[in-house]
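Participant: Turn this into a model:
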Amino acid sequence: MDSICKECQLGFRSLEAMHRHLRAHKISLAYYYQKHFPRYDKYDGSLIVFKSIEYYFSTDFNNRRNVSAWFKSNDKNTVKHYLTDWLFNRIARKQLKFMPTQVELRTLPVPGMKYWQEVWGIPYTQIAAEFGLMSRFSLRSFSGSWDTFNSGSKIIIDTREQLPLKFKGIKTISEGLPFGDYKLDNDSMSKHGFIERKAVGDLYGTMTGGYERFQKELDKANEACAYIVVVVEGDFETVKDYPNHTGGRVKISPEFIFHRVRELIQKYDHIQFLFTKNRDDSTEAIKKIFTSKGQYKQIDLQYQYDTGGLI
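Facilitator: Down below sits the predicted model:
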């Protein structure tokens, strides 16, 4: 994209300088781009909502409802062609090395993993190979029974945890942890796994002002061969709607929060994010993660949760 103002044809050294110049015309970025570079929703033809330059030029739909409707209204060959182009473009723009996880897909204007598998007719790991990407996960589901927790183990809760989860019938102890909020005292079962619990407001704080500190924590975890599962007490819609419940105090968009989540998923292969509906679901998920003998590292936890295989 050039740095020539379409309003007055003045040229600038950078796109950022041109954007600052738009103040002289008393127009917003949204007005400018929608006027001079109009883009339309593939399903209903409405003008694409401007949230950021990257979002505006990388999305073809205004909401997931339209995403679902368009994919349902087209045949598999059309859908497969669209998804193929979409992913190759994303690989080039983002320099992806891993196939997008369920969390990444759920926070982008495309269907989730289940739909991709239906269209291609093969497991998601094999789809990854077709695009020259590595797959973060090799197992399709948990094996074994998760009804009985190992009675000889305890869950360690970090001393800084403000609102600890309640694990009914399971012993817990309070200790300082190097990272995360929860850990099983039996490493042979949990395979050095840690749970970082976050309320939705905590997620916003971590992905903004706390982002650099959190990356340092992940680097330390990597050095210690630890695996971090970030369990968010709120589903995707709750995270998207969060700014509406703060009286306008939160200026950061949900798209920016999800952007940084996706950034971390692609950067670190020892982290997963899991968005749950409530604290009860978070508690049950943590119990299964800790008693899976390391299987959670090979399983897309969000996909398992979304399809009923985790709770």
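Participant: Nearest to the spatial middle of this structure, which residue is it?
Facilitator: V103 (3.9 Å; C-alpha atoms, centre = their mean).
Participant: what's the model's confidence in the strand or helix carrying it, averaged?
Facilitator: Assigned by DSSP states H and E, V103 falls within helix 102-106. Helix 102-106 shows a mean pLDDT of 98.
Participant: phi, psi of the spatially closest residue to E130 that is not a sequence neighbour?
Facilitator: Excluding the flanking residues, the one nearest E130 by C-beta to C-beta, 6 or more residues apart in numbering is W120, at 7.8 Å. Backbone N, C-alpha and C define where each C-beta goes, glycine included. Dihedral angles of W120 (phi, psi; degrees, to the nearest 10) stand at phi -80, psi -30.
Participant: Could you report the neighbour count for W120?
Facilitator: W120 sits with 16 neighbouring residues when counted by other C-beta atoms under 10 Å.
Participant: State the pLDDT value of it.
Facilitator: At W120, pLDDT is 97.
Participant: one step back: run through the neighbouring helices and strands of the helix holding V103.
Facilitator: Judged by 3 or more C-beta pairs under 8 Å, 6 or more residues apart in numbering; DSSP states H and E, the packing partners of helix 102-106 are helix 113-120, helix 254-267, strand 271-276, helix 301-306.
Participant: Could you look up the next helix or strand downstream of the lowest-mean-pLDDT helix or strand in the chain?
Facilitator: The helix or strand of the chain with the poorest confidence is helix 187-190; it has a mean of 85 (mean pLDDT, DSSP states H and E). The helix or strand immediately downstream of helix 187-190 is strand 193-199, counting by DSSP H and E.
Participant: Now do the buried residues in that next one.
Facilitator: G193, F194, I195, E196, R197, K198 (16 or more other C-beta atoms under 10 Å).
Participant: what do you get for stretch 73-90?
Facilitator: So, applying 16+ other C-beta under 10 Å, buried residues of stretch 73-90: V79, Y82, L83, W86, L87, R90.
Participant: now, which of these lie within helices?
Facilitator: Counting by DSSP state H, the buried residues of stretch 73-90 place V79, Y82, L83, W86, L87, R90 in helices.
Participant: didn't the third one look like it was pressed against V110?
Facilitator: Spelled out, it's L83. Yes: counting by C-beta atoms under 8 Å, L83 touches V110, with 6.7 Å between them.
Participant: State the number of residues packed around S58.
Facilitator: 16.
Participant: Next one: it from L108, what distance?
Facilitator: S58 sits 9 Å away from L108, going by C-beta to C-beta, to the nearest Å.
Participant: next one: D181
Facilitator: 28 Å.
Participant: first to last residue in stretch 198-212, what's the distance?
Facilitator: 17 Å (C-alpha to C-alpha, to the nearest Å).
Participant: what comes up buried for it?
Facilitator: Quick answer for stretch 198-212 (16+ other C-beta under 10 Å): K198, V200, D202, L203, Y204, G205, T206, M207.
Participant: quick one: which of those residues is nearest K168?
Facilitator: K198 (21.8 Å; C-beta to C-beta).
Participant: Return the residues in contact with that closest one.
Facilitator: T206, V230, V231, V232, E233 (C-beta atoms under 8 Å, 6 or more residues apart in numbering).
Participant: mind listing which of the residues you listed are in helices?
Facilitator: Going by DSSP H, the helices hold T206 from these.
Participant: Please convert the contacts of K198 to a markdown table, extending it with pLDDT and distance to G308.
Facilitator: As requested, these are exported to a markdown table (pLDDT from 0 to 100; distance: C-beta to C-beta, whole Å):
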| residue | pLDDT | distance to G308 |
| --- | --- | --- |
| T206 | 97 | 28 |
| V230 | 98 | 21 |
| V231 | 98 | 17 |
| V232 | 98 | 19 |
| E233 | 97 | 19 |
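Participant: In strands only, show me the contacts of K198.
Facilitator: V230, V231, V232, E233 (DSSP state E).
Participant: follow-up on the earlier one: output the helices and strands packed on helix 102-106 as TSV; include the columns distance to H25.
Facilitator: Shown next, in TSV, are the helices and strands packed on helix 102-106 (distance: least, C-beta to C-beta, whole Å):
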stretch	distance to H25
helix 113-120	43
helix 254-267	25
strand 271-276	41
helix 301-306	43
